[in-house]
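Chemist: Need coordinates for the below:
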Amino acid sequence: MRPVEDIAVQFGVSSRNIEIMQIQNSYEFGRNSEGVYLAKKWIHAYSDAESNEKIKVNNYLSLMALRRGDHALAIDSARAAVNAATEMHGPSSLVARYLRGLEFIAQEAPPELRGDSARVAATTSAKGKTQIAVEIQGRSLRALVDTGAERSLISRDLAVELGFQLFPNAKIPMRYAFDDEREVELAIAPAINIGSMEIKGDVFLVVDMATSPVRSSNFVLGLSTLERVGQIGIIRRGKEIVIGPKNFDFECFNETGQMFWHSDGLGLSAEIGGVTVPSHYDTGFPTTYAYSTPIRFYVPGKRASKLDSYRQSPVGRNADERIVAIFRSLTLVLGGEDIRERNVPIFSSLDASHALGIPLTLGGTITKKFELIVLDFNRMQYAAVKRWGEDSNDCLTE
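Modeler: Numbering: from 1, shown residues only. From the prediction side, this is the model:
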């Protein structure tokens, strides 16, 4: 496969934008030290760059600096992105409001993590929604483990009840799939105990998810928290969760797959008919689904059934009218393992971002098809195993 830089040169993309692509690539695949170096070099070399380019580079720089624990750099780059967005779009624009939220997050001290690992019981519904017990301020509650949520979420009433530190003037715009955009407050969590592990000082979004067509939990552990613990293993089709910095030895697995970050969260590499298809991974969503334009690019010969043969939406309101067809059956390869998803809805691509974006979302039902799924946020690799017996416990390092 030719490097993306070679293809970009062929189509007349400037060297400045090729370097932005390299920075984005470093961010997507977790090469944060490399990405920070490239972004700082780019900012020094192109001080006269356009505002939209400065927004992109400083946004990536802030996110990668946060992952490296360099909060001073994260704050400075988030502030530079805010200034560029305000200059280009105005202070009340969506991008400026989002970046101000990122600046607030960068200013907060990083969450404290105590304890090496934890193995806790979990419950997973038929639609793949996995919940675990957590304890906050002596109270036990159920938390939805949601790889589709970029940040952890809590309802306002529960946040007040549990003693979260609320910041009503610090807000950030958010929108989930098939949901309306909303502006939500930020809050700092007290100690959250998950088995023998404790996470203190994590940033949550304060939002009522009861009206969401997809998610209906008042306490959600999203990617910002899951990434912090390093690894997460979902065992026995969602009956147990193992979390911690390094609980699984990846040398034990016959095959592993690539993880990556994208604009909507976490992605996994999948295969359809021998073609690698970048896929969004969302355990909070009830089904696997595709977007019409990009899926046709990756698997142009795959036949779909007409809309009138699909009688019931797996999502509900705001989604039915966007289903244009379905795949009756879709065979995927994840981590070297074949699985089959049935009645996969295909949604219309509303705009250019959908048309050029991720073609497939792997829903929570994927959890029910594997004895073990491991996400390693340090390696940016995942393992998916359909048969995982007691002898495979050797892969656990705990």
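Chemist: Just give the nearest non-adjacent residue to Arg236, would you?
Modeler: Nearest residue to Arg236, sequence neighbours excluded (CB to CB, 6 or more residues apart in numbering): Glu371, at 6.0 Å. C-beta coordinates here come from the backbone N, C-alpha and C atoms, glycine included.
Chemist: burial of that neighbour, as a residue count?
Modeler: The local packing of Glu371 (other CB atoms under 10 Å) involves 17 other residues.
Chemist: Same question for Pro168.
Modeler: Pro168 - counted by other CB under 10 Å - has 10 other residues nearby.
Chemist: what's the following helix or strand after the host helix or strand of Arg328?
Modeler: Element membership for Arg328, per DSSP states H and E: strand 323-334. Beyond strand 323-334 on the C-terminal side, the first helix or strand identified by DSSP H and E is strand 337-347.
Chemist: Can you mark which positions in that following strand are buried?
Modeler: By 16 or more other CB atoms under 10 Å, the buried positions in strand 337-347 come out as Glu337, Ile339, Glu341, Asn343, Val344, Pro345, Ile346, Phe347.
Chemist: and Gly357, how many neighbours?
Modeler: Around Gly357 there are 17 residues (other CB under 10 Å).
Chemist: how about the nearest residue to it, chain neighbours excluded?
Modeler: Closest to Gly357 by CB to CB, 6+ apart is Pro294, at 6.1 Å.
Chemist: who does the one helix or strand that neighbour maps to touch, helix- and strand-wise?
Modeler: Element membership of Pro294, judged by DSSP H and E, is helix 292-298. On a contact count with 3 or more CB pairs under 8 Å, 6 or more residues apart in numbering; DSSP states H and E, helix 292-298 meets strand 275-281, strand 337-347, helix 352-355.
Chemist: ok, the helix or strand just after it: who's next to it in the sheet?
Modeler: Proceeding N to C from helix 292-298, the next assigned helix or strand is strand 305-306, under DSSP H and E. Strand 305-306 sits in its sheet next to strand 323-334 (antiparallel), going by DSSP bridges.
Chemist: List the buried residues of the strand it pairs with.
Modeler: So, applying 16+ other CB under 10 Å, buried residues of strand 323-334: Ile323, Val324, Ala325, Ile326, Phe327, Leu330, Leu332, Val333, Leu334.
Chemist: Same question for stretch 23-32.
Modeler: For stretch 23-32, burial by neighbour count (16+ other CB under 10 Å) applies to Ile23, Gln24, Asn25, Ser26, Tyr27, Glu28, Gly30, Asn32.
Chemist: just stretch 87-106 next, same as before
Modeler: Neighbour counts over stretch 87-106 (16+ other CB under 10 Å) mark 89, 95-106 as buried.
Chemist: ok so, going back, what's in contact with the strand holding Arg328?
Modeler: Residues outside strand 323-334 that contact it (CB atoms under 8 Å, 6 or more residues apart in numbering): 257, 268, 270-273, 288, 290, 292, 302, 304-307, 309-310, 313, 338-348, 362, 366, 370, 382, 384.
Chemist: Show me the shaky parts of the chain.
Modeler: 1-13, 175-181, 209-216, 307-321, 350-356, 388-394, 398 (pLDDT under 70).
Chemist: circling back: now, which of the buried residues of stretch 23-32 lie within helices?
Modeler: Ile23, Gln24, Asn25, Ser26, Tyr27, Glu28, Asn32 (DSSP state H).
Chemist: Redo those as JSON lines? Include distance to Leu221.
Modeler: Listed next are these as JSON lines, based on distance: CB to CB, whole Å:
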{"residue": "Ile23", "distance to Leu221": "29"}
{"residue": "Gln24", "distance to Leu221": "27"}
{"residue": "Asn25", "distance to Leu221": "28"}
{"residue": "Ser26", "distance to Leu221": "27"}
{"residue": "Tyr27", "distance to Leu221": "23"}
{"residue": "Glu28", "distance to Leu221": "23"}
{"residue": "Asn32", "distance to Leu221": "22"}
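Chemist: just the residues you listed now: which is nearest Arg156?
Modeler: Nearest to Arg156, judged by CB to CB, of those is Tyr27 at 31.9 Å.
Chemist: Give me the neighbour count for the closest residue to the closest one other than its chain neighbours.
Modeler: Leaving aside its sequence neighbours, Tyr27 sits nearest to Tyr60 (CB to CB, 6+ apart; 4.7 Å). Applying other CB under 10 Å, we find 25 residues neighbouring Tyr60.
Chemist: which residues sit in contact with Tyr60?
Modeler: Applying CB under 8 Å, 6+ apart, the residues near Tyr60 are Ile23, Gln24, Ser26, Tyr27, Gly35, Ala39.
Chemist: got a list of what the second one touches?
Modeler: With contacts defined as CB under 8 Å, 6+ apart, Gln24 is in contact with Lys56, Tyr60.
Chemist: separation between it and Leu375?
Modeler: For Gln24, the distance to Leu375 equals 21 Å [CB to CB, to the nearest Å].
Chemist: same thing with the last one?
Modeler: Remark: distance between Ala39 and Leu375 (CB to CB) = 25 Å.
Chemist: And Val385, by the same measure?
Modeler: For Val385 relative to Leu375 (CB to CB), the value is 13 Å.
Chemist: These two: who's more crowded?
Modeler: Each of Val385 and Leu375 has its neighbours counted (other CB under 10 Å); Leu375 has more, 25 against 22.
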